[in-house]
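Student: What follows is a predicted structure for the sequence shown.
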Amino acid sequence: MSIFKSKNTVSSDIFGRLLKSDALFIDREAMRPTYMPGALLHRGKEINDLASVLVVALRGETPSNVFIYGKTGTGKTAVTKFVGKELLKKGKETDKNINFVYINCEIVDTQYRLLQNITNHFINEWSERIPFTGWPTDEVYAKLKQLVDKDGGVTVIILDEVDKLKGDEALYNLSRINNYLEKAKISMVGISNDLKFTEFLDPRVKSSLGEENMIFPPYDAGELQDILKQRVDIALKPGSIDDDVVPLCSALAAQEHGDARRALDLLRISAELAERSESPKITKRFVRLAQNKIEIDRIIEVARTLPTQSKQILLAILLQEKHDNKTGGTGVITTGEAYEIYKGLCKKTRTDALTQRRVADLISELDMLGIITARVISKGRYGRTREIKMSSSSNDIMNILKEDEVFKELTNYKIRGQTRLI
DNA sequence: CTTCCACAGGAAGGTCTGGCGG
DNA sequence: CCGCCAGACCTTCCTGTGGAAG
């Protein structure tokens, strides 16, 4: 008790103050990507197409299997979940036995776990559920058949991110399950953002999964605007956003690939940044900041997961930049220079140095990831090389690199005779 | 104009890991 | 369990090249 009693009451009502600053939001959840709005805008055709395939379920027949393809943020998951919800609702109204199973194959990625998940959908008693491991796969399969048939209804299984599923055995078995069922019917909806995915499938699975194919086109800037406006009305208090913010977010996301998730992220982070700086309004300035923040977060994440050798090369480039900042240098470095510094680092950390050829390839990789910019230039008589510089946020990346075990004992390093502290 | 630097970047082959069918 | 093969990761060796210097 006593430890919570502070001697000098520094600040009495910190949360009160922070709460009061919540002047922008009404319903924060509406800006999250998982939020399901009441109406899905600009996907009327897609909803209709999918519904017209699945509608036969309401007549007790087996719907065709569907394969849905579309880039990220084109509403694939939202549309399928929405149609599924409506299907269940109609099923209840008309007293038809319909099951709707949604599975994300990125999380449930093996045949066993897939079967386990689907089967458990038909088991209400917790104690009777299929365990995570232990049963032979075909026993789970048999149990599924038995339960589904007992249930006797039409089951629609959604396999989101179906390309993440390891092996196509699971798909093959599932696609054949109808042959072994007495009364019940099963159909599948596969969702993927990888169009090439089906090329690698067993042709039998391919033809059965792709009885119907649907392609979700990206949203254009205007459509994204409508989607954002819809969320803004729910999420934000009136007058807390400038008129040009939504068009800007939409335009930026449309430039990418018409990714609605991206547009929403941009808007949400803009709002959060505005809130944090206690601004009464979300303005274009915050969108720019949000865009920057998203990019930096991405780069930091990439840097963190880089292989050690790439980190070491990155560190070499960073050290040169830091050195240049002190001495007023250009901050750019050639492949050869970077390689020399890198070799020195390798000696210090007692790791084997790669060849320059390999390092050059890794540098192009870092360039493609957007961590550095490297362009080929010719210095005439003095050769042809790549000019490398950090693209941004060197300090953040430096901090990430410091976390790595390999650099722990590396506290200083000499660059051209000068000791550089890391 | 030619020369020539300091690499770029292609080709081919080696090594190692991990999955897969028998 | 073993052999096989694909693919990631590297090395070695190589030819090609933009443009300042001569």
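Tutor: Alright, I've got the coordinates.
Student: For A:Lys183, give me phi and psi.
Tutor: Note on A:Lys183: its backbone torsions stand at phi -110, psi -40 [degrees, to the nearest 10].
Student: residue contacts, the residue positioned nearest the centre of chain A?
Tutor: For chain A, the residue sitting closest to the mean C-alpha position, by Cα atoms, centre = their mean, is A:Thr72 at 8.4 Å. Under the criterion of Cβ atoms under 8 Å, 6 or more residues apart in numbering, the neighbours of A:Thr72 are A:193, A:257, A:259, A:261-262. Heads up, the C-betas are built off the backbone N, CA and C, glycines and all.
Student: Buried only: go through those residues for me.
Tutor: Neighbour-count burial (16 or more other Cβ atoms under 10 Å) is assigned, among the contacts of A:Thr72, to A:193, A:259, A:262.
Student: show me the contacts for the second one.
Tutor: For A:Asp259, the contact set (Cβ under 8 Å, 6+ apart) comprises A:71-74, A:218-219, A:253.
Student: Pipe those residues into TSV and attach secondary structure and distance to DNA strand C per row.
Tutor: Output for these, formatted as TSV (DSSP: H, G, I helix; E, B strand; the rest coil; distance: Cβ to the nearest atom of the strand, whole Å):
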residue	secondary structure	distance to DNA strand C
A:Lys71	coil	22
A:Thr72	coil	21
A:Gly73	coil	26
A:Thr74	coil	27
A:Pro218	coil	27
A:Tyr219	coil	32
A:Ala253	helix	30
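Student: Out of those residues, which is nearest to A:Thr137?
Tutor: For those, the minimum distance to A:Thr137 (Cβ to Cβ) is 31.4 Å, reached by A:Thr72.
Student: which bits of chain A sit near DNA strand B?
Tutor: By the criterion of Cβ under 7 Å from any atom of the strand, the positions of chain A lying close to DNA strand B are A:166-167, A:334-337, A:356-357, A:360, A:363-364, A:376, A:379-386.
Student: what secondary structure does A:Lys348 sit in?
Tutor: helix (DSSP: H, G, I helix; E, B strand; the rest coil).
Student: now do the one 3 residues further on
Tutor: Under three-state DSSP, A:Thr351 falls in the coil class.
Student: how deep is it tucked in, by neighbour count?
Tutor: A:Thr351 is surrounded by 13 other residues when neighbours are defined as other Cβ atoms under 10 Å.
Student: Pull up the gap between it and DNA strand C, please.
Tutor: Counting by Cβ to the nearest atom of the strand, to the nearest Å, the gap from A:Thr351 to DNA strand C is 10 Å.
Student: and that residue, what is it in contact with?
Tutor: By Cβ under 8 Å, 6+ apart, the residues touching A:Thr351 are A:308-309, A:312, A:406.
Student: between the contacts of A:Asp259, which is nearest DNA strand B?
Tutor: Of all the contacts of A:Asp259, the one sitting nearest DNA strand B is A:Thr72; the distance, using Cβ to the nearest atom of the strand, is 26.0 Å.
Student: for the closest one, phi and psi?
Tutor: Dihedral angles of A:Thr72 (phi, psi; degrees, to the nearest 10) stand at phi -60, psi 140.
Student: before we move on, the earlier item: which of the buried ones among the contacts of A:Thr72 fall within helices?
Tutor: With helices identified by DSSP state H, the entries of the buried ones among the contacts of A:Thr72 that belong to them are A:Arg262.
Student: which of the contacts of A:Asp259 are buried?
Tutor: The neighbour-count criterion (16+ other Cβ under 10 Å) marks A:71, A:73-74, A:218-219, A:253 among the contacts of A:Asp259 as buried.
Student: that older thread, for the contacts of A:Thr351, which one is nearest DNA strand C?
Tutor: Distance to DNA strand C, by Cβ to the nearest atom of the strand, is smallest for A:Gln309 among the contacts of A:Thr351, at 5.1 Å.
Student: what's the closest non-adjacent residue to the closest one?
Tutor: A:Leu354 (6.0 Å; Cβ to Cβ, 6 or more residues apart in numbering).
Student: you'd agree that neighbour is in a helix?
Tutor: No. Secondary structure assignment (three-state DSSP) places A:Leu354 in coil, not in a helix.
Student: Test my guess that it contacts A:Thr308.
Tutor: No. A:Leu354 is beyond contact range of A:Thr308, at 10.9 Å (criterion: Cβ atoms under 8 Å).
Student: Comparing those two, which residue is more hemmed in?
Tutor: When neighbours are counted by other Cβ under 10 Å, A:Leu354 and A:Thr308 differ, and A:Leu354 comes out ahead with 19 against 13.
Student: Which phi and psi values does that one adopt?
Tutor: Here is the backbone geometry of A:Leu354 (degrees, to the nearest 10): phi -80, psi 170.
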